[in-house]
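> Here is my input, please return the structure:
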Amino acid sequence: MNILKTMADEELVVLYAKGENAAFDVLLDRYKSSIHSYIYFIVHNKDLTEDIFQETFVKVIMTIKQGRYTENGKFKAWITRIAHNLIIDYFRQERSENTISNDDVEVDLFNNIKLCDRTIEDMIVRNQVLSDIKKLIQHLPDSQREVLEMRYYQDLSFKEIADITGVSINTALGRMRYAILNMRRLAAENRMELSLT
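Below is the predicted model of the structure:
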């Protein structure tokens with residue numbers, strides 16, 4: 001079992017497909033918490049979460065046992081996609097049976113951009129917005145641009161930014177605040193739309 005825990009997902013899938021049930025136990029232990037949390041985050045219902053969670057792993061088992069698993073190197077993404085599709089199926093069925101209205105669900109799964117595959121148009125808009133943001137950043141004062149780039153492009157904390165730039169955390173926070181305010185003003189003046197939704 002300890003050797004199995006060190007194996008990559010793909011190796012465990014192959015072993016399980018060959019009948020080594022302990023390999024699946026390792027995969028389940030590896031991903032049950034994140035998949036369970038993902039489902040609950042969307043459905044906000046413990047019983048429904050349990051049902052979809054069980055159904056997800058039944059589908060995983062069936063797919064592997066039937067030799068239809070082909071997602072090399074993307075096991076977690078594959079399981080998450082199965083869970084996601086089952087969630088969508090559940091809400092579609094509920095909607096068609098008119099047992100719930102969309103207002104009863106906190107997350108609108110059918111109009112939630114985060115849960116949908118991006119279209120070409122979405123990608124074009126996203127690329128344009130990112131391009132516009134980069135242009136706006138170039139017009140910021142050096143101190144504001146420096147903080148913004150460290151925070152968003154280098155993913156540094158405000159404490160790290162303060163240490164690197166030799167200022168207090170409050171000064172770093174203030175510079176970020178002014179950078180964002182200045183970018184909003186510049187975007188409005190230039191009639192730039194910076195929203196992705």
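> Show me where this protein dips below the pLDDT cut-off.
Applying pLDDT under 70 to the chain picks out residues 1, 96-119, 121-122, 193-197.
> okay, now the domains of it?
Partitioning the chain according to automatic domain parsing yields domains covering residues 2-112, 118-189.
> Give the closest residue to residue 168 in space, chain neighbours not counted.
Spatial nearest neighbour of residue 168, chain neighbours left out: residue 162 (6.0 Å); criterion: C-beta to C-beta, 6 or more residues apart in numbering. Every C-beta, even on glycine, is put in place using the N, C-alpha and C of the backbone.
> now swap in residue 180 and tell me
In space, residue 180 is closest to residue 148, 7.8 Å off (C-beta to C-beta, 6+ apart).
> how many other residues sit next to residue 68?
If you count neighbours by other C-beta atoms under 10 Å, residue 68 ends up with 8.
> Downstream of the helix or strand residue 80 falls within, the next helix or strand is which one?
Element membership for residue 80, per DSSP states H and E: helix 75-96. Sequence-wise, the next helix or strand downstream of helix 75-96 (DSSP H and E) is helix 120-138.
> Tell me the first helix or strand C-terminal of that next one.
From helix 120-138, the next helix or strand downstream (DSSP H and E) is helix 142-152.
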